[in-house]
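> only geometry, no sequence info:
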């Protein structure tokens with residue numbers, strides 16, 4: 001029986017009150033909570049436009065569409081990431097080109113990106129893996145030299161910073177996700193932020209079946225049902241979800257500080273074990289936003305460790321299977337290996353990590369992990 005889960009949402013009485021207050025109103029969709037959540041996110045990230053949507057995947061899809069990525073285009077993506085980063089590229093008819101990640105950072109390798117560029121390349125998607133900022137200065141330089149767009153996938157990294165500037169404010173667009181295991185949650189939900197007003201307007205229409213609210217004019221303005229100007233989607237976020245997100249965003253500083261303290265406690269208790277590679281806690285010029293705490297097993301096989309921890313009542317997880325090796329992506333597989341992504345995928349182990357994990361639980365996880373490693377030696 002699992003007694004310590006891998007993740008758990010952090011829901012307070014204020015969060016419950018915010019959602020309940022919306023349920024007492026007649027407007028449960030397309031209302032003021034969504035607008036306030038968008039405004040708060042734009043202000044927090046430091047960009048002019050934010051568009052709330054139904055998931056981080058939907059956010060990626062709309063960002064690609066609004067930036068004009070389509071049939072015949074190539075988009076460079078990391079293979080060591082959640083599958084949505086490549087799925088969204090296929091949604092718009094483009095081709096995902098898989099690039100390797102850095103051996104230590106597990107983020108998109110600038111050298112691998114440079115090597116993957118062709119005449120068809122239109123964009124780079126930089127994932128801030130596990131909440132660690134990607135090498136945006138180098139990736140921006142590549143994008144500018146080759147006239148490419150840069151999209152930040154910050155679904156795991158809200159609040160992360162480079163040089164005091166928050167991720168999500170560097171690229172042409174950035175996306176965030178609010179699944180229950182994220183730093184802040186709306187249950188399901190996502191957000192696109194962008195510097196470009198025209199792209200923002202298009203994404204607002206695309207999330208609502210291609211309706212441009214200001215399209216009606218003259219005598220019909222304000223009374224006519226807006227025209228469906230182009231093919232759109234139902235990617236709306238509800239008022240209840242937005243209210244929850246707004247409440248959580250209001251305390252994000254304390255959430256991030258608490259998660260950093262948990263990461264540091266793990267690092268303190270697990271440090272010095274030659275069979276473990278721990279994530280970097282202090283990176284010069286960067287601030288990590290702790291989404292998960294993922295260790296890498298140097299010698300011991302992962303499956304046995306996971307079974308031992310499960311027997312001790314502790315949930316663990318694997319992050320990630322390389323996308324280019326997934327059956328659904330065999331048609332886009334490059335024959336050359338992506339060595340770092342493939343090696344890391346066999347070694348990563350996510351430990352229980354959530355805002356309300358107790359110190360006793362952390363100590364129990366670390367003791368069980370050390371014992372499993374000794375038993376396997």
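Cool, got the structure. Please read these numbers as outputs of a predicted model, since none were measured by experiment.

> list the buried residues of stretch 246-254.
Applying a neighbour-count criterion of 16 or more other Cβ atoms under 10 Å, one finds 246, 247, 248, 249, 250, 252 buried in stretch 246-254. All C-beta atoms are positioned from the backbone trio N, CA, C, and that covers glycine.

> those residues in helices, which ones?
Applying DSSP state H to the buried residues of stretch 246-254, the entries found in helices are 246, 247, 248, 249, 252.

> related to what we said a few turns ago, got the buried residues of stretch 246-254 as TSV, with pLDDT and distance to residue 115 columns?
Supplementary listing: the buried residues of stretch 246-254 in TSV, determined by pLDDT from 0 to 100; distance: Cβ to Cβ, whole Å:
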residue	pLDDT	distance to residue 115
246	98	43
247	98	45
248	98	40
249	98	39
250	98	44
252	98	37
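
> want to throw these into JSON lines with distance to residue 190?
Shown next, in JSON lines, are the buried residues of stretch 246-254 (distance: Cβ to Cβ, whole Å):
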{"residue": "246", "distance to residue 190": "15"}
{"residue": "247", "distance to residue 190": "17"}
{"residue": "248", "distance to residue 190": "14"}
{"residue": "249", "distance to residue 190": "14"}
{"residue": "250", "distance to residue 190": "19"}
{"residue": "252", "distance to residue 190": "16"}
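
> look up the closest residue to residue 364, ignoring the ones flanking it.
Spatially, and ignoring its direct neighbours in sequence, residue 364 is nearest to residue 4 (6.8 Å; Cβ to Cβ, 6 or more residues apart in numbering).

> and that neighbour, what does it touch?
313, 314, 315, 352, 357, 361, 364, 365 (Cβ atoms under 8 Å, 6 or more residues apart in numbering).

> try 6 Å this time
Shown in contact with residue 4 (Cβ atoms under 6 Å, 6 or more residues apart in numbering): 314, 352, 361.

> what are the ranges of the helices in the stretch 1-150 of the chain?
Residue ranges of the helices in the stretch 1-150 of the chain, as given by DSSP state H, counting those that start in this stretch, are 13-23, 32-45, 56-66, 84-91, 110-116, 136-145.

> which of these sits closest to residue 332?
Checking those against residue 332 by Cβ to Cβ gives helix 84-91 as the closest, at 7.7 Å.

> what's the average pLDDT for the closest one?
Taken as a whole, helix 84-91 has a mean pLDDT of 98.

> tilt between it and helix 56-66?
Interaxial angle of helix 84-91 relative to helix 56-66 (axes from the mean of the first three to the mean of the last three Cα atoms, to 10 degrees): 40 degrees.

> can you give me how far helix 84-91 is from the chain middle?
How far helix 84-91 lies from its chain's middle: 14 Å, per Cα atoms, centre = their mean, to the nearest Å.

> who are the packing partners of it?
Counting by 3 or more Cβ pairs under 6 Å, 6 or more residues apart in numbering; DSSP states H and E, the packing neighbours recorded for helix 84-91 are helix 56-66, strand 74-78.

> between that helix and strand 74-78, how many degrees?
Between helix 84-91 and strand 74-78, the angle comes out at 170 degrees (the same axes, to 10 degrees).

> give me the residues contacting helix 84-91.
By Cβ under 6 Å, 6+ apart, the residues outside helix 84-91 that reach it are 57, 60, 61, 64, 75, 77, 96, 125, 127, 153, 323.

> hmm, back to that, would you turn the contacts of residue 4 into JSON lines with pLDDT?
Output for the contacts of residue 4, formatted as JSON lines (pLDDT from 0 to 100):
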{"residue": "314", "pLDDT": "98"}
{"residue": "352", "pLDDT": "98"}
{"residue": "361", "pLDDT": "98"}
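
> quick one: which of the residues you listed has the most company?
residue 352 (25 neighbours; other Cβ atoms under 10 Å).

> now for that residue: which residues touch it?
Residue 352 makes contacts with 4, 6, 365, as judged by Cβ under 6 Å, 6+ apart.

> hmm, back to that, closest to residue 13 out of the buried residues of stretch 246-254?
Each of the buried residues of stretch 246-254 was scored against residue 13 by Cβ to Cβ, and residue 247 proved nearest at 10.1 Å.

> OK, contacts around that closest one?
Counting by Cβ under 6 Å, 6+ apart, residue 247 makes contact with 14, 15, 18.

> likewise residue 51?
For residue 51, the contact set (Cβ under 6 Å, 6+ apart) comprises 192, 203, 204.

> phi and psi next, for the first one.
Summarising the backbone geometry of residue 192 under the convention degrees, to the nearest 10, its torsions are phi -110, psi 140.

> partner residues bridging it?
Residue 192 forms beta bridges with residue 51, residue 175, as assigned by DSSP bridges.

> got a winner among the contacts of residue 51 for most neighbours?
Among those, residue 192 has the most neighbours (other Cβ under 10 Å), with 31 neighbours.
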